[in-house]
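**Q** just need the structure, nothing else, for what follows:
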Amino acid sequence: MRSQLYDKMKDEELVREYVSTQQNIYFEEIYDRYSEKVYRKCFSFTGDTAKAEDLAHDIFLKVITKIGTFKENARFSTWLYSITYNYCMDNIRKQKKMREEAWDDRMEFMEEEVDTELLGMKAEGLHKSLEQVSPQEKAMLLMKYQDDFSIKEIAQTFELSESATKMRLMRTKEKMKKLYLEHVALFALIALKILLFLKK
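**A** Reported below is the predicted structural model:
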């Protein structure tokens with residue numbers, strides 16, 4: 001059974017100890033703290049359990065090889081989530097490129113994927129909207145509103161200026177609002193048609 005001593009150590013202390021001693025016990029504690037969180041973020045991009053597990057596994061392999069480059073001018077969680085988001089976005093881009101080539105440059109596959117679920121519950125409107133924005137836009141929103149990244153931290157992750165980051169966030173929020181309203185309106189229209197059909 002692992003000592004409670006490790007439970008009380010800060011993330012940054014665990015990283016420091018692991019880098020200096022190379023003892024697995026420190027990295028295992030980091031893994032225990034973040035494996036589920038990283039998996040959930042991967043799942044939010046893929047919607048597939050097995051794929052999310054594969055991505056999370058790859059991310060921790062990447063983390064263990066890059067952990068010596070971690071600088072303590074940021075939180076460890078911020079550093080880890082930046083790697084997570086970037087890896088997920090890269091993976092999605094690669095998958096999209098492969099699908100586009102396989103479908104002879106047809107660009108509609110993402111829309112078709114969403115269209116098959118138009119009869120989903122109204123509560124899923126926000127989720128559907130999130131699925132229709134680009135991987136970068138999705139990552140920015142999740143960083144800002146799920147993981148409490150600062151504008152500066154998001155800007156550093158994407159190598160943008162803070163003003164450009166604010167502008168992209170604002171545009172993405174407007175796009176999300178429009179997509180959400182479109183989804184809700186369409187759902188209401190379908191529900192109305194079904195109701196009128198049943199009344200006949």
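
**Q** where along the protein do the helices fall?
**A** If DSSP state H is used as the criterion, the helices of the chain fall at 4-8, 11-21, 24-46, 49-66, 76-102, 109-115, 125-131, 135-145, 151-158, 162-199.

**Q** show me which residues of the second one are buried.
**A** Right, the one you point to is helix 11-21. Asp11, Leu14, Val15, Glu17, Tyr18 (16 or more other CB atoms under 10 Å). To be clear about C-beta, it is placed using only N, CA and C from the backbone, and glycine gets the same treatment.

**Q** mind listing what Ser35 touches?
**A** Applying CB atoms under 8 Å, 6 or more residues apart in numbering, we find Ser35 in contact with Ala56, Phe60.

**Q** only the buried residues of stretch 155-174, if you could.
**A** Ala155, Gln156, Thr157, Phe158, Leu160, Thr165, Arg168, Leu169, Thr172.

**Q** as a markdown table, the residues you listed with pLDDT would be great.
**A** Below are the buried residues of stretch 155-174 laid out as a markdown table (pLDDT from 0 to 100):
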| residue | pLDDT |
| --- | --- |
| Ala155 | 90 |
| Gln156 | 90 |
| Thr157 | 89 |
| Phe158 | 88 |
| Leu160 | 89 |
| Thr165 | 89 |
| Arg168 | 88 |
| Leu169 | 86 |
| Thr172 | 84 |
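
**Q** about what we covered before: just the helices of the chain: most buried one?
**A** Among these, ranked by average contacts under mean count of other CB atoms under 10 Å, first place goes to helix 135-145 (a mean of 19).

**Q** list the contacts of it.
**A** So helix 135-145 is contacted by 41, 44-45, 81, 85-86, 88-89, 92-93, 130, 133, 149, 151, 153-154, 157-158, 165, 168-169, 172-173, 175-176 (CB under 8 Å, 6+ apart).
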